[in-house]
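Novice: After the sequence you'll find the predicted model.
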Amino acid sequence: MIFFTVLGAGMLIYWGVCTVLAFVSDCDLELFFYEKFGKSPRRLKGKVVFITGASSGIGEFTAYALAKFGVKLALAARRPNELLRVKRKCLELSNNQLSDHDVLVVPMDMTDFQSHKRHFQYAVQHFGHVDILFNNAGRSQRALWENIELEVDKQMFDLNVFGAVNLSRIALDHFNRVGSGHIAVVTSLAGVMGVPYSGSYCGTKFAVHKLPKNIHVTLLCPGPTFTNFLAESFTDKPGEKYGLQVQPTDKRMTADRCGYLNAVALVNKTKESWMAIRPIIPLAYMMVYFPILSRPNYIYKLRDSKNDTEINKKD
Ligand SMILES: NC(=O)c1ccc[n+]([C@@H]2O[C@H](COP(=O)([O-])OP(=O)(O)OC[C@H]3O[C@@H](n4cnc5c(N)ncnc54)[C@H](O)[C@@H]3O)[C@@H](O)[C@H]2O)c1
């Protein structure tokens, strides 16, 4: 009995501290601690990181955050010109820590699974090895779940889930051979708690939270971030893009800040890190610790049972 009382009190204190700190910080308690007192991303200098979706948004800014600390990079995405632009900026930001040879451009489509091995091997041959695979390429969605055509679900799972799964298996084979390695996956807070109008997207993000963990895996869960995300989002129809540009007045984390927090999470090898502007993190803590709050059915039931009582009273 005493054991459970102490355990309960401990959990309440932990939850309280997390929630209070989350109101003053833009990330979860563990990442908040590591940013202040943990290892600096400087320690990643000389490591090789393979980043997918490096041509824009979170992938691009994570590449910049790492380049500033002298991390060697394989930049993968579909558009070679955009990757070359990111490469030039990485070299500039590295302040002479990186040479042209240290930033490799790898044009590839994540849904062309047959090509994954060839592209990953290209980076391995170029650098001699890869230390970290940073699975980031992905697209969101804006659509009412009941209207989504199955083809859209399939395309989304191909990109957000099977692309990362297939490439991670190839990387794992390499990591097993060289005896070390680290896989990171940019999922989302939408993989921690459901968000409206993004049914299949949440499904893809929850799915990658369940990757097997026989190697160190870091799950990175950003909330809303300034990127091309909404412009590129799937809708309910195959081939359509949502096409909404985020506005400077929108409340979102900058991709620059998100990229830096990703670098902190990588060097400190966190298991799961959340990052978002206030007050999304305390909300996430509440949803995770009190999941009943995220079940609208429960609220409806409460309302219905109140109505029933009132009807019964009238009867
Ligand atoms: N922006 C947000 O608010 C937000 C929030 C949570 C999670 N995320 C996640 O962050 C990741 C990056 O998204 P972003 O916000 O930077 O969006 P973005 O559209 O700016 O970047 C997506 C990147 O993925 C690449 N990509 C898309 N399809 C590809 C394909 N078939 N093959 C290879 N590369 C492909 C794009 O070229 C681009 O480089 C995604 O996994 C997304 O789910 C974003």
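Specialist: Received the coordinates, thanks.

Novice: For the rest of this, base every contact and every neighbour count on C-alpha atoms.
Specialist: Noted.

Novice: Show me which residues of the stretch 51-200 of the chain sit near the ligand.
Specialist: Residues of the stretch 51-200 of the chain lying close to the ligand by Cα under 6 Å from any ligand atom are 53-59, 77-78, 108-111, 136-140, 159, 186-188.

Novice: Can you tell me which of those residues are buried?
Specialist: Among those, the ones that count as buried by 16 or more other Cα atoms under 10 Å are 53-59, 77-78, 108-111, 136-140, 159, 186-188.

Novice: mind listing which of those are in strands?
Specialist: Applying DSSP state E to these, the entries found in strands are Ala77, Val186.

Novice: Can you report how many residues lie near Ile215?
Specialist: Look at Ile215: counted by other Cα atoms under 10 Å, it has 13 neighbours.

Novice: Just to check, it is in contact with Gly181?
Specialist: Yes: at 7.3 Å, Ile215 and Gly181 qualify as touching, with contact defined as Cα atoms under 8 Å.

Novice: which neighbours do these two share?
Specialist: Taking Cα atoms under 8 Å, 6 or more residues apart in numbering as the contact rule, Ile215 and Gly181 both touch Leu172.

Novice: Number of residues surrounding Phe134?
Specialist: With neighbours defined by other Cα under 10 Å, the count for Phe134 comes to 29.

Novice: Revised request: answer the last question for Tyr242.
Specialist: 17.

Novice: what residues are up against it?
Specialist: Neighbours of Tyr242 in contact, by Cα under 8 Å, 6+ apart: Gln141, Arg142, Leu230, Ala231, Glu232, Ser233, Phe234, Thr235.

Novice: beta partners for the first one?
Specialist: Spelled out, that is Gln141. Going by DSSP bridges, Gln141 is paired in beta bridges with Phe234.

Novice: Surely it and Lys237 touch.
Specialist: No: counting by Cα under 8 Å, Gln141 stays clear of Lys237, with 10.5 Å between them.

Novice: Tell me which of the two has more neighbours.
Specialist: Gln141 (24 against 15).

Novice: Check the gap between that one and Met253 for me.
Specialist: Using Cα to Cα, to the nearest Å, Gln141 is found at 19 Å from Met253.

Novice: pLDDT at Gln155, what is it?
Specialist: Note on Gln155: pLDDT of 97.

Novice: What helix or strand is it located in?
Specialist: helix 150-157 (DSSP states H and E).

Novice: same check, this time on Lys210
Specialist: Secondary structure (DSSP H and E) places Lys210 outside all helices and strands.

Novice: tally of neighbours for it?
Specialist: 8.

Novice: Ok, the one 4 residues further on next?
Specialist: By the other Cα under 10 Å criterion, the neighbourhood of Asn214 contains 7 residues.

Novice: all numbers from here: first residue = 29
Specialist: Fine by me, first position is 29 from now on; the one you just mentioned is Asn242.

Novice: Tell me the secondary structure at it.
Specialist: Of the three states, Asn242 takes coil under DSSP: H, G, I helix; E, B strand; the rest coil.

Novice: ok, back up a step: just the mean pLDDT for whatever helix or strand comes next after the helix holding Gln183, thanks.
Specialist: Heading C-terminal from helix 178-185, the first helix or strand you meet, by DSSP H and E, is helix 191-206. Regarding helix 191-206, the rounded mean pLDDT is 96.

Novice: now helix 191-206 against helix 178-185, angle please.
Specialist: Helix 191-206 and helix 178-185 are oriented at 30 degrees to each other (axes from the mean of the first three to the mean of the last three Cα atoms, to 10 degrees).

Novice: right, quick check: stretch 230-241 against the ligand, any contact?
Specialist: No: on the criterion Cα under 6 Å from any ligand atom, stretch 230-241 is out of touch with the ligand, staying 7.5 Å away.

Novice: tell me which residues of that stretch are tucked away?
Specialist: Cys230, Gly231, Thr232, Lys233, Phe234, Ala235, Val236, His237.

Novice: ok, back up a step: show me what the helix holding Gln183 is in contact with.
Specialist: Arg167, Ser228, Tyr229, Thr232, Phe262, Thr263, Asp264, Lys265, Pro266.

Novice: redo that, cut-off 6 Å
Specialist: For helix 178-185, the external contacting residues (Cα atoms under 6 Å, 6 or more residues apart in numbering) are Thr232, Pro266.

Novice: With stretch 123-131 instead?
Specialist: So stretch 123-131 is contacted by Gly98, Lys100, Leu101, Ala102 (Cα under 6 Å, 6+ apart).

Novice: Swap in 10 Å and give it another go.
Specialist: 73-74, 76-77, 91, 95-103, 112, 114-116, 118-120, 151, 154-155 (Cα atoms under 10 Å, 6 or more residues apart in numbering).

Novice: Buried ones among these?
Specialist: 73-74, 76-77, 91, 95-103, 112, 114-115, 118-120, 151, 155.

Novice: In helices only, show me those.
Specialist: Ala91, Ala95, Leu112, Val114, Lys115, Cys118, Leu119, Glu120, Ala151, Phe155 (DSSP state H).
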